[in-house]
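1. build me a model from this:
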Amino acid sequence: MSPQQSVKNYGSRGSRIFDVLNVILLLGLTLITVLPLLYVVAGSFAGESEIATRPFFLWPEKFVTSTYEYFFRTDTLMRALVTTVCVTAVGTVVQVMLTFTMAYPLAKRYLPGRALVLNLVIFTLVFSGGLIPTYLVVRDLGLLDTYWALILPLAVNPFYLIIVKSFFQELPQALEEAARIDGCSELGVFWRIVMPLSKPIIATFSLFYAVAIWNDYMSPLLYIDDNSKWTLQVIVRQLTGANAENALSTLDSVFFPVEGMKFAVVVIATLPILFFYPFLQKHFAKGVLIGSVKE
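-> Numbering: from 1, shown residues only. Below you'll find the model as predicted:
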């Protein structure tokens, strides 16, 4: 097909109909995604009576901030928020470092036993120990009721590890050889040459790991019995469950706005990810694709 025919077909009636339907479909999907979020934000600023009487709204009749004021003056909620932030920050650093330090030597074809280790990594993509064996391992390691139980069991994602390994294999070997000639050790090559060149993929997988830790409620539910160590996601689960009214009454003796708190906690649990994503967006697409396709 010639370029003239391609331009002609692009402006045809069928092409225009397709574009219109495509736009309508994308707008519909956007509304399906955005409207619930807007409703949650609006509900967090609405009073209890308005939430009870209006099944759906995108703008409250009267803005109230009492729900957020209660959140930030309640020890249980603030402690859960601080715990989640700290666990996410430490966990992301630990998981990224373990993933990258394991992927770098596996990218070297001369590494003894490399094939065996890679096969074991790939094996975990298909098979896992399961919930009960994992719990028993965490218990026997003495990690129950500790924050490390929320970090170490999922410290290395095998799929991410393989992508990072492929990325390291694509880096020019001449750079590493030049660094070794200048006197760098293997560790020096990794820190001074490889890591600075890996900023896009570091940003991407830091975001992946951080989102996974931040949204994880199953691990604290299984491994944390002390409610003073609960993360924010456990609080969200408690508040949005069937016994929401009694969820925090056992921890705080004061009355709290049940319905408004459901919306406020969801907003607070969602905002950090929405805030940090734009700063990492420029690295996101490049980091997802890089290392996944061999040129």
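2. just the helices in the stretch 151-295 of the chain please.
-> For the stretch 151-295 of the chain, applying DSSP state H, counting those that start in this stretch gives helices covering 158-170, 173-181, 186-189, 195-197, 199-215, 218-223, 232-239, 244-247, 258-289.
3. distance to Arg79 and mean pLDDT added to those helices, as a markdown table?
-> Yep, even glycine has a C-beta here, placed from its N, CA and C like the rest. Output for the helices of the stretch 151-295 of the chain, formatted as a markdown table (distance: least, C-beta to C-beta, whole Å; pLDDT from 0 to 100):
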| stretch | distance to Arg79 | mean pLDDT |
| --- | --- | --- |
| helix 158-170 | 31 | 89 |
| helix 173-181 | 46 | 83 |
| helix 186-189 | 39 | 83 |
| helix 195-197 | 35 | 86 |
| helix 199-215 | 16 | 87 |
| helix 218-223 | 13 | 90 |
| helix 232-239 | 10 | 82 |
| helix 244-247 | 15 | 56 |
| helix 258-289 | 13 | 73 |
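4. which of the ones you listed is buried the deepest?
-> helix 232-239 (a mean of 22; mean count of other C-beta atoms under 10 Å).
5. run the angle between that helix and helix 199-215 for me.
-> Calculated by axes from the mean of the first three to the mean of the last three C-alpha atoms, to 10 degrees, helix 232-239 forms an angle of 30 degrees with helix 199-215.
6. just the angle for the helix or strand that contains Phe123 relative to helix 158-170, thanks.
-> Assessed by DSSP states H and E, Phe123 sits inside helix 114-126. Here helix 114-126 runs at an angle of 140 degrees relative to helix 158-170 (the same axes, to 10 degrees).
7. ok, back up a step: Leu141 is nearest to which of the helices of the stretch 151-295 of the chain?
-> Leu141 lies closest, by C-beta to C-beta, to one member of the helices of the stretch 151-295 of the chain: helix 218-223, at 10.8 Å.
8. who's in contact with the closest one?
-> 131, 135, 138, 143-146, 149-150, 153-154, 229-231, 233-234, 237 (C-beta atoms under 8 Å, 6 or more residues apart in numbering).
9. go with 7 Å
-> Tyr135, Val138, Leu143, Leu144, Ala149, Leu150, Trp230, Thr231, Val234 (C-beta atoms under 7 Å, 6 or more residues apart in numbering).
10. as JSON lines, those with distance to Ser206 would be great.
-> What follows is the contacts of helix 218-223, written out as JSON lines (distance: C-beta to C-beta, whole Å):
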{"residue": "Tyr135", "distance to Ser206": "28"}
{"residue": "Val138", "distance to Ser206": "24"}
{"residue": "Leu143", "distance to Ser206": "23"}
{"residue": "Leu144", "distance to Ser206": "27"}
{"residue": "Ala149", "distance to Ser206": "21"}
{"residue": "Leu150", "distance to Ser206": "17"}
{"residue": "Trp230", "distance to Ser206": "24"}
{"residue": "Thr231", "distance to Ser206": "19"}
{"residue": "Val234", "distance to Ser206": "23"}
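11. most neighbours out of those, which is it?
-> Among the contacts of helix 218-223, the one with the most neighbours (other C-beta atoms under 10 Å) is Thr231, at 30 neighbours.
12. distance check, that one against Val85.
-> As judged by C-beta to C-beta, to the nearest Å, Thr231 and Val85 stand 10 Å apart.
13. cool, and Ile268?
-> Ile268 is 11 Å from Val85, by C-beta to C-beta.
14. before we move on, what about Phe57?
-> 31 Å.
15. do Leu207 as well
-> Taken as C-beta to C-beta, the span from Leu207 to Val85 is 15 Å.
16. which residue, other than its chain neighbours, is closest to the spatially most central residue of the chain?
-> Central residue of the chain (C-alpha atoms, centre = their mean): Val211, 1.3 Å from the mean position. Take Val211 and drop its neighbours on the chain: the residue closest to it by C-beta to C-beta, 6 or more residues apart in numbering is Ile273, 5.8 Å away.
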